[in-house]
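Novice: Sharing a sequence plus its predicted fold:
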Amino acid sequence: MFPSLRHLVRLRQAISDWPVSSQQLSRRNAMIALSACSRRREEREEVASYLAGRAAERTAHG
């Protein structure tokens with residue numbers, strides 16, 4: 001093969017692979033974002049539970 005033809009073959013392959021690799025990267029990013037959101041929600045719920053318990057203690061003790 002000629003060098004320029006090899007380059008075109010590689011370019012064609014890269015272009016045809018792009019949608020698949022792009023989708024895989026998007027899914028990976030979405031999973032990472034979902035994990036981060038889940039951790040934040042869990043922390044918020046833990047803090048809310050703690051604060052509710054503290055408020056109940058204060059109310060009980062006057």
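Specialist: Arrived safely. Bear in mind that the values here come from a model prediction, so they are computed numbers and not experimental data.
Novice: so how far is stretch 17-36 off the chain centroid?
Specialist: Its chain's C-alpha centre and that of stretch 17-36 lie 8 Å apart, by Cα atoms, centre = their mean, to the nearest Å.
Novice: Please save the CA atoms from that stretch in CSV.
Specialist: C-alpha atoms of stretch 17-36 as CSV (Å, rounded to 0.1, in the frame of the first residue of the first chain):
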residue,chain,number,x,y,z
ASP,A,17,-15.2,3.7,15.1
TRP,A,18,-16.0,7.1,16.5
PRO,A,19,-19.8,6.6,17.2
VAL,A,20,-19.1,3.5,19.2
SER,A,21,-16.3,4.9,21.2
SER,A,22,-18.2,8.2,21.8
GLN,A,23,-21.2,6.2,23.1
GLN,A,24,-19.0,4.2,25.4
LEU,A,25,-17.4,7.3,26.8
SER,A,26,-20.8,9.0,27.3
ARG,A,27,-22.1,5.9,29.2
ARG,A,28,-19.0,5.9,31.4
ASN,A,29,-19.4,9.6,32.2
ALA,A,30,-23.0,9.1,33.0
MET,A,31,-22.2,6.2,35.4
ILE,A,32,-19.6,8.4,37.2
ALA,A,33,-22.0,11.3,37.5
LEU,A,34,-24.8,9.0,38.8
SER,A,35,-22.4,7.6,41.4
ALA,A,36,-21.4,11.1,42.5
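Novice: Relative to residue 15, how far out is residue 35?
Specialist: Going from residue 35 to residue 15 by Cβ to Cβ, to the nearest Å gives 32 Å. Heads up, the C-betas are built off the backbone N, CA and C, glycines and all.
Novice: swap in residue 28?
Specialist: 21 Å.
Novice: ok, now residue 23?
Specialist: Distance of residue 23 to residue 15, given as Cβ to Cβ: 15 Å.
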